[in-house]
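Engineer: Turn this into a model:
(one chain, ligands or ions: 1)
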Amino acid sequence: MSPSSSEPAADEELVDRVKEVHRRFPTGVTIVATTVAGRPYGLAVNAFSSLSLEPPLVLACVAATSSTYPRLFEVDAVSVNILAHDQAAVAGAFARSGGDKFEGLEWRPGAGGAPLLAGVSAQLELAVEHRIPAGTHTIFVGRVLAASAGDKAPLLYLGGGFFDGGALRAADLQATTRGDVRGE
Ligand SMILES: Cc1cc2nc3c(=O)[nH]c(=O)nc-3n(C[C@H](O)[C@H](O)[C@H](O)COP(=O)(O)O)c2cc1C
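Structural biologist: Purely as a prediction, here's the structure:
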């Protein structure tokens, strides 16, 4: 950040530290997608979370700079496709901006028209109920209309890399941090 900027220089250091913190937080990888005038659009999103069960609500955060972003205001039917362990290439394709990312991919329209990708670990069909601007992003809150989970393990994202969610080692529940700190 240049010295003439209105933001204090310390903020840049904080942003770097925040990024480092996010790199320690493992997530799945979703493709948030919609269809406008018969054409599918979508992007890779890991800022996805469950929000409520009754009613069933989820949220996804999308940057205003994304080419998909304006499409998410045109229709309410949106899908969330949770990628499977063998779909890192799909994540990569949907992390590139613009173009027809669906070409060569197997998918079908859901009940509301939003694209449902084949071979995923799980997927949701949503009706977007709230669009909440927040910083550089908008939080899209969707009501879950349909949900399905398959047999495939999910793809994981951690520290900038993709990992096979089916190849994890279970944590030792006995060796808690608290116990370690107390020397128990
Ligand atoms: C693993 C991963 C997670 C991502 N998560 C998000 C996210 O939560 N929100 C977002 O706006 N962009 C996210 N991105 C970046 C977008 O996928 C990327 O900017 C993409 O080019 C947007 O495509 P579009 O401009 O065609 O919409 C993520 C990228 C990767 C690789």
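Engineer: give me the number of residues near A146?
Structural biologist: 13 (other CB atoms under 10 Å). For every residue, glycine as well, the C-beta is placed using N, CA and C.
Engineer: Actually, R131.
Structural biologist: Neighbours of R131 using other CB under 10 Å come to 13.
Engineer: Please work out the average pLDDT along the helix or strand containing it.
Structural biologist: Assigned by DSSP states H and E, R131 belongs to strand 122-134. Computed over strand 122-134, the mean pLDDT rounds to 98.
Engineer: Contacts for it, please.
Structural biologist: 57-58, 61, 72-73, 76-82, 110-112, 114, 116-117, 138-150, 154 (CB atoms under 8 Å, 6 or more residues apart in numbering).
Engineer: What of stretch 148-161?
Structural biologist: By CB under 8 Å, 6+ apart, the residues outside stretch 148-161 that reach it are 23-29, 46, 82-88, 91, 119-123, 162-167.
Engineer: Next step: these restricted to strands.
Structural biologist: 27-28, 82, 122-123, 162-164 (DSSP state E).
Engineer: so how far is G159 from F140?
Structural biologist: 26 Å (CB to CB, to the nearest Å).
Engineer: Any residue of the lengthiest helix in the chain touching the ligand?
Structural biologist: Criterion DSSP state H: the longest helix present in the chain is helix 10-23. No: Helix 10-23 is not in contact with the ligand by CB under 6 Å from any ligand atom; minimum separation 10.3 Å.
Engineer: Could I get the buried residue list for that helix?
Structural biologist: Within helix 10-23, no residue counts as buried by 16 or more other CB atoms under 10 Å.
Engineer: same question, stretch 148-162
Structural biologist: Across stretch 148-162, burial judged by 16+ other CB under 10 Å covers 152, 154-157, 162.
Engineer: Equivalent analysis for stretch 35-43, please.
Structural biologist: Those would be 35-36, 40-43, for stretch 35-43 by 16+ other CB under 10 Å.
Engineer: what's in contact with it?
Structural biologist: Residues contacting stretch 35-43 (CB under 8 Å, 6+ apart): 31-34, 62, 66-68, 71, 74-75, 77, 81, 94-95, 97, 101-102, 107, 109, 113-115.
Engineer: One more pass at 6 Å, please.
Structural biologist: 31, 33-34, 66, 68, 71, 74-75, 94, 102, 113-115 (CB atoms under 6 Å, 6 or more residues apart in numbering).
Engineer: hmm, that stretch in reach of the ligand?
Structural biologist: Yes: figure legend: stretch 35-43 in contact with the ligand (CB under 6 Å from any ligand atom); contacting residues L43.
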